[in-house]
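Peer 1: Sequence plus the predicted model coming up.
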Amino acid sequence: MQPIHILLLITAYFGVLLLISYLTGKNADNDSFFKANRQSPWYIVAFGMIGASLSGVTFISVPGWIEASQFSYMQVVLGYIVGYAVIGTVLLPLYYRLNLTSIYTYLEERFGNYSYKTGASFFLLSRVVGASFRLFLVANVLQVIMFDAMGIPFWVTVIITILLIWLYTFKSGIKTIVWTDTLQTLFMLIAVGVAIYYVSTDLGIKGTHLLGYVLDSDLSKMFFFDDFKSGDHFIKQFISGAFIAIVMTGLDQDMMQKNLTCRSLKDAQKNMFWFTIVLTIVNFIFLGLGVLLTQYASQHGIDAHKDQLFPIIATKSGLGIGIAIFFVLGLIAAAYSSADSALTSLTTSFSIDIMDIEKKYDQQEQIKARKKYHILFSFILILVIVAFKYIIRDESVIAKLFVFAGYTYGPLLGLYAFGLFTKLHVKDHLVPIIAILSPILSYGISVNSLSWFGFEFGFFILILNGLLTFLGLILIRRK
């Protein structure tokens, strides 16, 4: 597949996204940008959230995990089910009852202004780093398979990428994204289906025997109960999965903003129910694809592992142009379904939580301010992604930054747990100190846990982080 063909494919793809933006952007205002006028069909939201939840990291990485960790990731996915149940029964009713645009407004009502700004700031930090990391991975792949051959430098690739996202989101924000995410989820799932078809055909596996082949593989071990000290132990992964779902979906403005566009609480809960079922199945399919790709690489002597496995087999293994085309489409769809909503949620949270535009300005001034902040965060994402490439360079350091961004959800977990499950009040001005200290202490404990306790935290670190925040809030409670 030649670079010019990939460029034409991307151009056509974004042409469709811009058309959707035009159709959904008529008579758009801030209510459209932030809440889609609360008119989104729940089934469209549920399907579109699949792509936003998986992202380009999942699209590339999950199939590559099979060789080292088998199906252990499904333990986390099963934990997600419990987390999503908590979101549907506890958090969504709270958000709808308070009629929130930004979910962090709850912290102001419960604790005060310092807690409110702290929660929003931690989200902004985490989402900027997380979204930049995801786009960095995908931009790197596109650079290798297309833009290097065309002589286009990486920083230009990044600017074009963010500009295209800005173009189809600047007018009606989440109202457009609800529909573009649906299209992008569809492309991503088609890409996975096409890859499974091509690889299984080459391996001589008939469709009716495909599931049996995956389940019978030595790589499909799903449950790990042997070593509790290991990060792969079932209890650790399952409980961590539940909490990851709660904080990275239920306490995340990016994900919840889509849910809050549904017409009613009942519709939003139906959305979460079906989203949970489909997401569980899709993750299993990704892992099944990983088994096929690993076996294919082994049989054909392809030296590709982890994040390189899927891209190399799809584009350079000789399976044909069909799998290459759909891989590129799926990769772009997975990346942008996460990035476009990230840009919109960053704009929303900064506008409402940090700059208080709903309190300070009239409707027209709010629109002007929101557009300005939308451009601001577009520039911030460009700068962070370019910094990853040219300043930090070391990919292991970048990966650690992404992991550390996950630590910022711990204070949110502690704040919401304290607010929902106690009636205590806190010294609001001390909350930022607790929120900063908790992830630092968690990181220190995590780094030394193996030597200190002979225990690997893994995903469990999120719970420790939230617990330290919770205990810190008890220490600063008001009597």
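Peer 2: Ah, there it is. Numbering: from 1, shown residues only.
Peer 1: all contacts plus neighbour counts: C-alpha atoms, from now on.
Peer 2: Fine.
Peer 1: Enumerate the positions of stretch 291-306 that are buried.
Peer 2: 291, 292, 293, 294, 295, 296, 297, 304, 305, 306 (16 or more other C-alpha atoms under 10 Å).
Peer 1: Please pull up the helix or strand immediately following the strand or helix carrying residue 93.
Peer 2: Assessed by DSSP states H and E, residue 93 sits inside helix 92-97. Proceeding N to C from helix 92-97, the next assigned helix or strand is helix 105-110, under DSSP H and E.
Peer 1: residue nearest the centroid of this structure?
Peer 2: Nearest to the mean C-alpha position of the chain, by C-alpha atoms, centre = their mean, lies residue 53 at 4.7 Å.
Peer 1: which helices and strands does the biggest helix by length in the chain pack with?
Peer 2: The helix that spans the most residues within the chain, counting by DSSP state H, is helix 265-299. Under the contact definition 3 or more C-alpha pairs under 8 Å, 6 or more residues apart in numbering; DSSP states H and E, helix 265-299 sits against helix 42-69, helix 73-86, helix 92-97, helix 174-202, helix 210-216, helix 309-316.
Peer 1: Apply 7 Å and report the result again.
Peer 2: Judged by 3 or more C-alpha pairs under 7 Å, 6 or more residues apart in numbering; DSSP states H and E, helix 265-299 is in contact with helix 42-69, helix 73-86, helix 92-97, helix 174-202.
Peer 1: Would you mind giving these as TSV with distance to residue 463 added?
Peer 2: Conversion of those to TSV gives the following (distance: least, C-alpha to C-alpha, whole Å):
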stretch	distance to residue 463
helix 42-69	20
helix 73-86	13
helix 92-97	21
helix 174-202	30
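Peer 1: nearest to residue 315, of these?
Peer 2: Among the helices and strands packed on helix 265-299, helix 174-202 comes nearest to residue 315, with 10.9 Å by C-alpha to C-alpha.
Peer 1: Past the helix or strand of the chain with the lowest mean pLDDT, which element shows up next along the chain?
Peer 2: Lowest mean confidence among the helices and strands of the chain (mean pLDDT, DSSP states H and E): helix 395-407, at a mean of 62. Remark: after helix 395-407, the chain's next helix or strand is helix 409-421, criterion DSSP H and E.
Peer 1: tell me the angle the next helix or strand after that next one makes with helix 409-421.
Peer 2: Next in sequence after helix 409-421, counting helices and strands by DSSP H and E, comes helix 431-453. Helix 431-453 and helix 409-421 meet at an angle of 110 degrees, taking axes from the mean of the first three to the mean of the last three C-alpha atoms, to 10 degrees as the criterion.
Peer 1: Next, the buried residues of the helix or strand following helix 431-453.
Peer 2: Later in the chain than helix 431-453, the nearest helix or strand by DSSP H and E is helix 461-475. Within helix 461-475, the residues scored as buried using 16+ other C-alpha under 10 Å are 461-470, 472-474.
Peer 1: again with stretch 276-289
Peer 2: 276, 279, 280, 282, 283, 284, 285, 286, 287, 288, 289.
Peer 1: how far does that stretch sit from the chain's center?
Peer 2: 15 Å (C-alpha atoms, centre = their mean, to the nearest Å).
Peer 1: Give the rounded mean pLDDT of that stretch.
Peer 2: Average pLDDT, stretch 276-289: 94.
Peer 1: So for the nearest residue to residue 348 once chain neighbours are set aside, what's the pLDDT?
Peer 2: Once flanking residues are discounted, residue 348 sits nearest to residue 34: 6.3 Å by C-alpha to C-alpha, 6 or more residues apart in numbering. pLDDT for residue 34: 85.
Peer 1: who touches residue 34 in this structure?
Peer 2: Counting by C-alpha atoms under 7 Å, 6 or more residues apart in numbering, residue 34 makes contact with 101, 173, 174, 348.
Peer 1: Can you tell me the number of residues neighbouring the third one?
Peer 2: Same thing as residue 174. When neighbours are counted by other C-alpha atoms under 10 Å, residue 174 registers 31.
Peer 1: is it true that residue 338 lies in a helix?
Peer 2: Yes. Counting by DSSP: H, G, I helix; E, B strand; the rest coil, residue 338 falls inside a helix.
Peer 1: Burial check on it, number of neighbours?
Peer 2: The local packing of residue 338 (other C-alpha under 10 Å) involves 28 other residues.
Peer 1: Which residue is the nearest non-sequential neighbour of it?
Peer 2: residue 52 (4.4 Å).
Peer 1: Same question for residue 417.
Peer 2: Residue 417's closest residue in space is residue 470 (C-alpha to C-alpha, 6+ apart), at 7.4 Å.
Peer 1: I'd like the distance from residue 181 to residue 127, if you could.
Peer 2: Note on residue 181: its distance to residue 127, by C-alpha to C-alpha, to the nearest Å, is 18 Å.
Peer 1: Between the two, which is the more surrounded one?
Peer 2: For residue 181 versus residue 127, neighbours defined as other C-alpha under 10 Å are more numerous around residue 181 (29 against 25).
Peer 1: mind checking how far the more buried one is from residue 427?
Peer 2: Taken as C-alpha to C-alpha, the span from residue 181 to residue 427 is 41 Å.
Peer 1: got it, and residue 303?
Peer 2: Distance, residue 303 to residue 427, using C-alpha to C-alpha: 57 Å.
Peer 1: Likewise for residue 13?
Peer 2: On the measure of C-alpha to C-alpha, residue 13 and residue 427 end up 51 Å apart.
Peer 1: Same check on residue 120?
Peer 2: Counting by C-alpha to C-alpha - residue 120 and residue 427 are separated by 18 Å.
Peer 1: Compare these two and say which is more crowded by neighbours.
Peer 2: Applying other C-alpha under 10 Å to residue 120 and residue 427 shows that residue 120 carries more neighbours, namely 25 against 17.
Peer 1: Within the helices and strands, which one has the residue nearest to residue 348?
Peer 2: Per DSSP H and E, the secondary structure element for residue 34 is helix 30-35.
Peer 1: Please compute how far that helix lies from its chain's middle.
Peer 2: Using C-alpha atoms, centre = their mean, the offset of helix 30-35 from its chain centre is 21 Å.
Peer 1: Kindly report the same for stretch 331-340.
Peer 2: Distance, centroid of stretch 331-340 to centroid of chain: 10 Å (C-alpha atoms, centre = their mean).
Peer 1: what's the average pLDDT for that stretch?
Peer 2: In this model, stretch 331-340 has a mean pLDDT of 78.
Peer 1: what do you get for stretch 93-109?
Peer 2: 93.
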